[in-house]
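1. Need a 3D model of the following:
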Amino acid sequence: MKKQVFEKIKTYGVTVVMIGSFLVGCAGKESVTSVEEAANEPYFTKGVYVNYAVDAEDPPQTYFYVFYDEASGYTEDGTNGIGLPFACEQGEGTVLFHMGGEGEDAEELLTVDSFEDGTVIGHMEDGLKIAFVPKEDADPDNFDAQNYISLENGGDLTYEDANGWKVKYDPSVITVNSEGPITTFVYTGESAGTNMVTATYGVDKDAKTMIEDLQKQWGEGTQTYESSFPGAEDVTGYWVTLSPTVEGSGLYETAVARDYMDGYLIFEMTAHTSGDDAIDIPVSDALATIIDSLEFIQY
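-> This next block holds a predicted model:
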C-alpha cells in the first residue's frame, strides 16, 4: 500500500540504496523500437513496473517500481514490503534515478538499450542489465506489492488499518468494507445467515465496559472471561460469547476487546450455524483466519 511504504522504510531503518536490488529481471526480448525513435516520449509513465535482472536464471519477479508520474515514485519489495522513494530525470537514452528521501539522495544512471510496448531494457553503470515491465493489472494509486504477489499465487490478502493493526483474509469469500473507525469482513460464500467480523476502535469507554455492555445487549446465554488478546499475548483481552441455541436461527457471537490508544479496540464475530459441516466449517475457518492472523504494526 503506497501510504505505508515510507513508514516501512522507517520501520526497517533502510539506509542502503536499494537500487542495487535492481536485480529484478525477465528474459530480454528484441525491441523493434530503437532508443532514438522513442526519444520524444518518456520511457516511464504513471504505473507499476516489475523490475528484474535480464540475464539471471528464472529471476523472482517480486520487486516493483511504482511511478506516480513521469518524475517520481517509490520502490517496493514484495517479499518484505520494504522500499524507497525516488525521483527521476528522463533524457534521450538515459534515466537518472535519485534514490532515497531528503538527505539520502543517491544517483543511479540507467542507460536504455531498448524500449518496446512500455517495457524498458537497459543497463546500469556497473554493467548489470535490467528490465522494467509494466503490470497493466496493477493500480499505482493503491498498490501493495505483497498483496499483489499473494493474489497472483491464489493466497490470502492483508488488510492494514490506519489504527495500527492488520489481518489476513481470503478474498474469494471475504469482502472488506472500511468506514472511519469501523471495518467489516463479510463472508460471501454459502452459509446459513450473516457471517462477519466487525472491528471497531472507539474512545467513549474502556474495553471492559464495552464487553459488559455487549453482555447486557446479547442477554441470556452469554459468558464473559478474561484471557490474552489475539496478536498481543501480553495484553488482557475481555471476552464475551453467546453460544448457538438448538432451536432458532443458529446465531452465535463472540467478541474480544482490549484497551487501546486511550480507548478500546473490539473484534466482534457474528455467525450462524446450519448444522451441515460442509457449510459451517468453511465459514468458521474463514472468520477464524481473520482473528488468528491479527498483528499490531510497530512503525
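2. Give me the below-cutoff pLDDT ranges for the chain.
-> 1-40, 102-103, 245-248, 299 (pLDDT under 70).
3. now with 50?
-> Applying pLDDT under 50 to the chain flags residues 1-33, 35.
4. which SS class is Ile290?
-> Using DSSP: H, G, I helix; E, B strand; the rest coil, the secondary structure recorded for Ile290 is helix.
5. distance of Thr198 from Met261?
-> 18 Å (Cβ to Cβ, to the nearest Å). C-beta: built from backbone N, CA, C; applies to glycine.
6. before we move on, what about Thr270?
-> Thr270 is 25 Å from Met261, by Cβ to Cβ.
7. what do you get for Phe86?
-> 33 Å.
8. Which one's more surrounded, Thr270 and Met261?
-> Thr270 (20 against 10; other Cβ atoms under 10 Å).
9. Tell me if I'm right that that one and Thr198 touch.
-> Yes - contact between Thr270 and Thr198 holds when scored by Cβ atoms under 8 Å: they sit 7.2 Å apart.
10. quick one: contacts of stretch 68-75?
-> 2, 5-6, 18, 21, 42, 44-46, 51, 63-67, 83-90, 99, 140 (Cβ atoms under 8 Å, 6 or more residues apart in numbering).
11. Could you pull out the buried residues of that stretch?
-> Within stretch 68-75, the residues scored as buried using 16 or more other Cβ atoms under 10 Å are Gly73, Tyr74, Thr75.
12. can you pull out the helices in the stretch 51-200 of the chain?
-> Counting by DSSP state H, counting those that start in this stretch, the stretch 51-200 of the chain has helices at residues 145-152.
13. just so I have it, where are all the strands in it?
-> Taking DSSP state E, counting those that start in this stretch, the strands of the stretch 51-200 of the chain run over residues 63-67, 72-77, 85-90, 94-99, 106-116, 119-123, 129-134, 157-160, 165-169, 174-179, 182-187, 196-202.
14. elements contacting the fourth one?
-> Counting contacts by 3 or more Cβ pairs under 8 Å, 6 or more residues apart in numbering; DSSP states H and E, the secondary-structure elements packed against strand 94-99 are strand 85-90, strand 106-116.
15. Next, the angle from the shortest one to strand 94-99.
-> Using axes from the mean of the first three to the mean of the last three Cα atoms, to 10 degrees, one finds that strand 85-90 and strand 94-99 are set 160 degrees apart in direction.
16. Neighbouring strands of strand 85-90 in the sheet, and parallel or not?
-> strand 72-77 (antiparallel), strand 94-99 (antiparallel) (DSSP bridges).
17. How about the longest one?
-> According to DSSP bridges, strand 106-116 has the following sheet partners: strand 94-99 (antiparallel), strand 119-123 (antiparallel).
18. and the closest residue to Thr289 other than its chain neighbours, how many neighbours?
-> Nearest residue to Thr289, sequence neighbours excluded (Cβ to Cβ, 6 or more residues apart in numbering): Lys168, at 6.1 Å. Close neighbours of Lys168, defined as other Cβ under 10 Å, add up to 18.
19. is Lys168 in a bridge, and if so with what?
-> Thr158.
20. So Thr209 belongs to a strand, correct?
-> No - going by three-state DSSP, the assignment for Thr209 is helix, not a strand.
21. Next, count neighbours for it.
-> 13.
22. ok, it to Asp170 distance?
-> 33 Å.
23. And Tyr264, by the same measure?
-> Taken as Cβ to Cβ, the span from Tyr264 to Asp170 is 27 Å.
24. Between those two, point out the one with more neighbours.
-> Tyr264 (22 against 18).
25. Leaving out chain neighbours, which residue sits closest to Ile149?
-> Closest to Ile149 by Cβ to Cβ, 6+ apart is Gly78, at 4.3 Å.
26. Show me how the record splits this structure into domains.
-> As assigned by automatic domain parsing, the chain contains the domains 2-134, 156-296.
27. Which helix or strand contains Ile279?
-> Using DSSP states H and E, Ile279 falls within helix 277-292.
28. now do Phe44
-> Assigning secondary structure by DSSP H and E places Phe44 outside every helix and strand.
29. Then the one 4 residues further on?
-> Element membership for Val48 (DSSP H and E) is strand 47-53.
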